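K.L.:
sequence and predicted structure below; questions after.
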Amino acid sequence: MSKYIAAIDQGTTSTRCILFNHQGKIVSVGQKEHEQIYPHPGWVEHNPTEIWKNTLEVIAVARINVSATASDIAAIGITNQRETTVVWNRRTGKPYYNALVWQDTRTTDLVARFEKEGGLNQFRDITGLPVSTYFSGLKLKWLLENVDGIREDAEKGEAIFGNMDTFLIWHLTGGVQGGIHVTDVTNASRTQLMNLHTLQWDRKMLSVYNIPENMLPEIKSSSEVYGNVTNEILPGVPVAGDLGDQHAALVGQTCFHPGMAKNTYGTGCFLVMNTGNELKTSENGLLTTIAYKFGNEPVQYALEGSVAITGALVQWVRDNLGIIKQSSEIEQLAQTVNDNGGAYFVPAFSGLYAPYWRNDARGVIAGLTRYVNKGHIARAVLEATAYQTLDVVKAMEQDSGIKLASLRVDGGMVSNQLLMQFQSDILNTQVVSPAVAETTALGAAYAAGLAVGYWQNTEELTRNWTIAHTWNPDMDEESRNRFYGGWQKAVTKSYDWME
């Protein structure tokens with residue numbers, strides 16, 4: 001039996017290849033960052049060709065670290081930054097334009113038009129999603145309308161679309177020599193072009209957004225063999241798992257039963273609750289989405305609350321304000337004070353996502369007095385992540401009718417003890433982190449491993465999950481209400497900045 005499963009984690013700031021063993025433990029990692037491109041305010045792009053080259057590099061590094069050959073690797077799973085949209089030429093393999101990143105807001109005018117013509121929720125019954133700059137469909141519409149040659153080539157079947165999972169699978173499985181053009185149900189559910197009920201591209205959505213169907217990938221399950229690697233990096237290894245990053249983290253956290261939820265603290269924050277095979281329409285500003293689909297088993301649905309800016313706010317304080325030199329210093333600075341000093345930071349840099357969905361919002365710092373110093377600002381920066389998570393949890397509990405017993409957490413910010421304790425305090429709920437922190441990559445590995453029999457079933461995966469740390473609430477009710485009341489007031493101050 002092969003020793004390892006490889007997971008490619010194509011994220012917003014970097015690409016990684018991680019090798020896992022049968023116990024779900026990390027044995028090797030290769031990682032490389034890519035450029036963040038900001039051509040105009042609100043525009044965020046990546047170079048897909050750079051990301052593909054980095055992917056080959058990190059696979060090689062992860063393999064060489066443990067002297068692994070292709071025969072040592074049972075399968076590859078892919079997980080990716082969702083909604084990030086790329087169109088490339090089937091014959092040349094070259095992108096027509098940079099990838100439009102999920103944070104990109106250049107489609108604001110399109111959103112305003114749809115809001116005026118039928119409201120932001122007019123497609124929720126079909127897609128589970130509001131009209132927003134966030135999802136791939138409007139980004140693809142923008143590319144078709146603004147980049148020379150794309151629509152003409154799309155009509156001929158030469159220009160093809162995908163999120164980053166599709167782009168990487170196509171290249172891994174042959175590229176211009178017959179690469180497989182597929183995506184999975186989780187990534188497809190984030191385009192606003194897939195029907196949540198049929199799990200197929202929806203003709204009405206394609207018509208409304210004016211998108212040619214022949215440029216779209218075939219929708220598959222999250223766990224099946226899509227094709228084999230054709231290049232010399234891992235020749236013949238099956239590509240057998242594909243999950244959008246937040247769905248992958250849900251799988252990596254083994255949230256296989258309705259009511260189980262995880263929160264990933266990365267560039268943004270993404271709280272996902274498994275709702276089983278029941279599709280629940282949100283009444284409180286959450287997204288209805290796909291949790292995962294393993295092979296021929298029934299699809300599992302989820303509710304999701306997406307927060308645009310969390311870890312990215314710490315990076316902004318580091319890069320734009322220069323208050324800290326490294327992101328890790330934010331905790332130490334925040335610990336120089338006992339509370340936020342009355343200051344609140346609402347990081348609505350690209351509007352507010354769940355549960356508000358305010359495209360007109362922009363970032364504000366509220367409650368400033370002469371008393372407030374950089375320690376209070378640092379604390380307000382961290383607390384913003386916890387407050388935004390509480391907003392989403394409250395909405396999720398109302399939609400699902402389930403009280404959250406504990407929150408499973410993962411992502412880079414989980415190492416911040418002050419944040420995690422405050423998160424537990426403000427939620428009044430236990431917060432738990434797993435022994436393997438790289439749950440996104442692990443989820444992709446699990447999907448691929450299940451497809452090729454490396455793991456037999458989800459019960460086997462659940463046995464791999466162990467606790468690293470638990471935080472329990474230690475805040476009185478009066479303080480909790482006062483702090484959260486201040487946050488709610490601050491959020492309203494971010495509204496109506498954009499016409």
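P.N.:
Thanks, I have the structure now.
K.L.:
which residue ranges of the stretch 301-450 of the chain form strands?
P.N.:
Along the stretch 301-450 of the chain, the segments classed as strands by DSSP state E, counting those that start in this stretch run 344-346, 364-366, 406-410, 430-434.
K.L.:
what's the second one packed up against?
P.N.:
This points to strand 364-366. When contacts are defined as 3 or more CB pairs under 8 Å, 6 or more residues apart in numbering; DSSP states H and E, strand 364-366 packs onto strand 344-346, helix 477-492. Every residue, glycine included, has its C-beta placed from N, CA and C.
K.L.:
name every strand pairing with it and say which way it goes.
P.N.:
Each strand that pairs with strand 364-366, with its direction, by DSSP bridges: strand 344-346 (antiparallel).
K.L.:
pLDDT score for Y292?
P.N.:
Listed pLDDT for Y292 reads 97.
K.L.:
list phi and psi for it.
P.N.:
Torsion angles at Y292 (phi, psi; degrees, to the nearest 10) stand at phi -180, psi 170.
K.L.:
with adjacent residues omitted, what lies nearest to it?
P.N.:
In this structure, Y292 finds its nearest non-sequential neighbour in S222, 4.7 Å apart by CB to CB, 6 or more residues apart in numbering.
K.L.:
list the contacts for the one you found?
P.N.:
184-186, 241-243, 247, 251, 292-294, 447 (CB atoms under 8 Å, 6 or more residues apart in numbering).
K.L.:
TSV for those, including neighbour count and distance to S415?
P.N.:
Shown next, in TSV, are the contacts of S222 (neighbours: other CB atoms under 10 Å; distance: CB to CB, whole Å):
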residue	neighbour count	distance to S415
D184	28	30
V185	25	32
T186	31	27
G241	36	27
D242	33	28
L243	34	24
H247	33	23
V251	33	22
Y292	28	27
K293	24	32
F294	21	31
A447	35	26
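K.L.:
okay, and which of those residues map to helices?
P.N.:
Residues of the contacts of S222 located in helices (DSSP state H): 185-186, 247, 251, 447.
K.L.:
just the buried residues of stretch 214-231, please?
P.N.:
When neighbours are counted by 16 or more other CB atoms under 10 Å, the buried residues of stretch 214-231 are found to be 215-217, 219-224, 226-230.
K.L.:
so how far is L390 from the residue nearest to Y292?
P.N.:
For S222, the distance to L390 under the criterion CB to CB, to the nearest Å works out to 30 Å.
K.L.:
over to R379?
P.N.:
If you measure R379 against L390 using CB to CB, the figure is 16 Å.
K.L.:
look at those two and report which has more neighbours.
P.N.:
When neighbours are counted by other CB atoms under 10 Å, R379 and L390 differ, and R379 comes out ahead with 27 against 20.
K.L.:
ok, now which ones touch the more buried one?
P.N.:
With the criterion set at CB under 8 Å, 6+ apart, R379 makes contact with 334, 337, 339-341, 343.
K.L.:
helices along the stretch 1-150 of the chain, start to end?
P.N.:
With helices called from DSSP state H, counting those that start in this stretch, the stretch 1-150 of the chain shows them at 48-65, 108-118, 124-127, 136-146, 150-155.
K.L.:
which strands or helices does the second one pack on?
P.N.:
Packed against helix 108-118 by the contact rule (3+ CB pairs under 8 Å, 6+ apart) you find helix 136-146.
K.L.:
so for the helix it packs on, mean pLDDT?
P.N.:
Over the span of helix 136-146, the pLDDT mean works out to 97.
K.L.:
sorry, back to before: tell me the two of the ones in helices among the contacts of S222 that are most distant?
P.N.:
V185 and V251 (12.8 Å; CB to CB).
K.L.:
out of the contacts of R379, which are buried?
P.N.:
Among the contacts of R379, those classed as buried by neighbour count (16+ other CB under 10 Å) are 334, 337, 340-341, 343.
K.L.:
so which of those sit within helices?
P.N.:
With helices taken from DSSP H, the overlap with the buried ones among the contacts of R379 comprises A334.
K.L.:
and the buried ones among the contacts of R379, which is closest to N481?
P.N.:
Minimum distance to N481 across the buried ones among the contacts of R379 is 15.0 Å, recorded for N340 (CB to CB).
K.L.:
so that closest one sits against A380, correct?
P.N.:
Yes - the pair N340 and A380 qualifies as a contact (CB atoms under 8 Å) at a distance of 4.7 Å.
K.L.:
wait, V182 sits on G241?
P.N.:
No - with contacts defined as CB under 8 Å, V182 does not count as touching G241, sitting 11.9 Å away.
K.L.:
and stretch 467-483, what's buried?
P.N.:
Buried residues in stretch 467-483, defined by neighbour count with 16+ other CB under 10 Å: 471, 473, 480, 483.
K.L.:
what of stretch 374-383?
P.N.:
Buried, per 16+ other CB under 10 Å, within stretch 374-383: 375-383.
K.L.:
mind putting these in CSV, pLDDT and distance to T198 included?
P.N.:
As requested, those are arranged in CSV below (pLDDT from 0 to 100; distance: CB to CB, whole Å):
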residue, pLDDT, distance to T198
G375, 96, 53
H376, 97, 51
I377, 96, 49
A378, 96, 48
R379, 97, 48
A380, 97, 45
V381, 96, 43
L382, 97, 42
E383, 97, 42
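K.L.:
relative to G162, which of the residues you listed is nearest.
P.N.:
Of all these, the one with the least separation from G162 (CB to CB) is V381, at 34.6 Å.
K.L.:
enumerate every residue touching the closest one.
P.N.:
Contact partners of V381, counting by CB under 8 Å, 6+ apart, are 313-314, 317, 330, 334, 345, 347.
K.L.:
and the two most separated of those residues?
P.N.:
Pairwise distances among the contacts of V381 were taken by CB to CB; the largest, 15.3 Å, belongs to A334 and P347.
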